[in-house]
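Chemist: sequence below, structure please.
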Amino acid sequence: QVQLVESGGGLVQPGGSLRLSCAASGSIRSINVMNWYRQAPGKERELVAGISSGGTTNYEDSVKGRFAISRDNAKNTVYLQMNSLKPEDTAVYYCNAVGIRYYSGTGYPTLWGQGTQVTVSS
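Modeler: Residues are numbered from 1 along each chain as shown. Coordinates of the predicted model:
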């Protein structure tokens, strides 16, 4: 069974940095797109950044220039480097994988991680 396991969240002061990781477990042959979403209290979940298997990236406007998404296809892992963090970045961050294919030939259209809390506060 495939799972997405996130790590790297925590409490950081404004201006600080955090690096989130999300590893997909299981006998995975490929993952088309890997994304990071976030959801702040009382707000809808929003796409923060995404990266295709070929390395094409996209970012939500408020994080451009501060966040960087990357992935290691061999490890089925996606990362989110977050710099110059602001209090408004506080949220639960979720990893999302789209177009998962197993070596067996089956797959999942999409899968979500359990979320990791990021709190930016002095």
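
Chemist: would you quantify the distance from the one residue sitting closest to the centre of the chain to residue 122?
Modeler: Nearest to the geometric centre of the chain sits residue 36, at 3.0 Å (CA atoms, centre = their mean). Going from residue 36 to residue 122 by CB to CB, to the nearest Å gives 24 Å. Glycine gets a C-beta too; all of them are placed from N, C-alpha and C.

Chemist: quick one: residues contacting the most far-flung residue of the chain relative to its centre.
Modeler: The outermost residue of the chain relative to its centre, with distances by CA atoms, centre = their mean, is residue 104 at 25.6 Å. Each residue near residue 104 by CB atoms under 8 Å, 6 or more residues apart in numbering is listed here: residue 27.

Chemist: now it: phi and psi?
Modeler: Backbone torsions of residue 104, given as degrees, to the nearest 10, read phi -70, psi -10.

Chemist: same question, residue 113
Modeler: Main-chain torsions, residue 113, degrees, to the nearest 10: phi -80, psi 180.

Chemist: from residue 97, how far off is it?
Modeler: Relative to residue 97, residue 113 is positioned 8 Å away (CB to CB).

Chemist: now for these two: what residues contact both?
Modeler: With CB under 8 Å, 6+ apart, residue 113 and residue 97 have common neighbours residue 4.
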